[in-house]
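Engineer: Please find the sequence and the predicted model below.
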Amino acid sequence: GNSVTQMEGPVTLSEEAFLTINCTYTATGYPSLFWYVQYPGEGLQLLLKATKADDKGSNKGFEATYRKETTSFHLEKGSVQVSDSAVYFCALRPSTDSWGKLQFGAGTQVVVTP
Amino acid sequence: DVKVTQSSRYLVKRTGEKVFLECVQDMDHENMFWYRQDPGLGLRLIYFSYDVKMKEKGDIPEGYSVSREKKERFSLILESASTNQTSMYLCASSLRDRDSYKNDQPQHFGDGTRLSIL
């Protein structure tokens, strides 16, 4: 079946540090891949997406590249801010899905300290 | 901007009660979803709906039912609440794909309902 594996958190880092959150997936074909962010007390917001191999999604200084050969979609940001403290979810949508269903990873909490 | 509104942010109910969680979206989305979010487990799909009066089971439908009588509203029902249904419940909606080769329509989420069953 389809699955998404994310690195466990919490990830704690200082302001202006480099952030990487690993995400790997298992799926047949070419799923679409997404990163969502959940700020404290809120629902999930779409951060970025990629729909085919070698696509790079980017938003708010975050980037992720769809790597078919390693079945990965790692999230990166060059210089984090305290306001980036949140839980980050990697998700996939199978290529065979007709209804917009997503399979989520367990989430990675990121804590950025001043 | 898409707005997905869940009727309650916090709810406390007793074991055995029938509980209704309401969700409304204002962007004419065809698809709507109910998830529960638990620490270490991420989001798990309970039910989804792709049209009025249409519903499909997700990964963990046991103990739940849903209702979609109008396109903008999707209700989650706990028929007889139990303590293991204490959780954060998230509603989401999305547009149907306009291009069958691009499965890229994102889901838009409400702020969640934190439900406690005592």
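Structural biologist: Perfect, I can see it now.

Engineer: burial measure for residue 73, as a count.
Structural biologist: As the question left the chain open, I've gone with chain A. 29 (other C-beta atoms under 10 Å in any protein chain shown). C-beta here means a position set from N, CA and C on the backbone, and glycine is covered the same way.

Engineer: try again with chain B
Structural biologist: When neighbours are counted by other C-beta under 10 Å, B:Arg73 registers 16.

Engineer: again with A:Ala64
Structural biologist: By other C-beta under 10 Å, 26 other residues sit near A:Ala64.

Engineer: Give me the next element, helix or strand, following the helix or strand that it is a member of.
Structural biologist: Assigned by DSSP states H and E, A:Ala64 falls within strand A:62-65. Moving toward the C-terminus from strand A:62-65, the next helix or strand (DSSP H and E) is strand A:75-77.

Engineer: That following strand and chain B in contact?
Structural biologist: No: using C-beta under 8 Å from any C-beta of the partner chain, strand A:75-77 never reaches chain B; the gap is at least 15.1 Å.

Engineer: What strands line up against that strand, and which way round?
Structural biologist: Its sheet considered, strand A:75-77 pairs with strand A:19-21 (antiparallel), strand A:62-65 (antiparallel) by DSSP bridges.

Engineer: model confidence over the shortest one, on average?
Structural biologist: Same thing as strand A:19-21. Strand A:19-21 shows a mean pLDDT of 97.

Engineer: Return the helix or strand following it as CSV; C-alpha atoms alone will do.
Structural biologist: Remark: after strand A:19-21, the chain's next helix or strand is strand A:23-26, criterion DSSP H and E. Extracted in CSV, the C-alpha atoms of strand A:23-26 (Å, rounded to 0.1, in the frame of the first residue of the first chain):
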residue,chain,number,x,y,z
CYS,A,23,10.4,12.5,3.8
THR,A,24,10.3,9.2,1.8
TYR,A,25,7.3,7.5,0.3
THR,A,26,6.1,4.1,-1.0
